[in-house]
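> Based on what follows, work out the 3D shape:
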Amino acid sequence: MQRLVKLDLPPQADLSAAPLWRVINPASGLTVEAPIEICGAGVRLWHERARAIAAEPGQWLEVEPLAAPVPG
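I've put the predicted structure just below:
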């Protein structure tokens, strides 16, 4: 599942235990694996991860989970 979302910085939640997602900046073609916080139509991630893919707040990014969710 791939989603197109807007970047919003910084995260409001503690992402230390969050699962990793692949975050793709379609404008630069750069990709990073990072824990993210999804909030409505937006996504929040750490500044250093956003800088690694040359992403700016308000920019559209693609995200996809690295592992399939385990049914609970």
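> per-residue confidence for Ala52?
Per-residue pLDDT puts Ala52 at 94.
> can you give me the strands for the protein?
3-7, 20-25, 30-35, 37-39, 42-44, 60-65 (DSSP state E).
> and these, which is most packed in?
When the strands of the chain are scored by mean count of other CB atoms under 10 Å, the highest mean neighbour count falls to strand 42-44 (a mean of 21). In this view, the C-beta of every residue, glycine as well, is placed from N, C-alpha and C.
> Output the strands of the chain in TSV; the columns should cover distance to Ala50 and mean pLDDT.
TSV is the format used below for the strands of the chain (distance: least, CB to CB, whole Å; pLDDT from 0 to 100):
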stretch	distance to Ala50	mean pLDDT
strand 3-7	6	73
strand 20-25	8	93
strand 30-35	8	94
strand 37-39	12	82
strand 42-44	9	82
strand 60-65	9	90
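> right, and those strands - which one's nearest Arg51?
strand 30-35 (9.4 Å; CB to CB).
> counting contacts, what elements does that closest one pack onto?
strand 20-25, helix 47-52 (3 or more CB pairs under 8 Å, 6 or more residues apart in numbering; DSSP states H and E).
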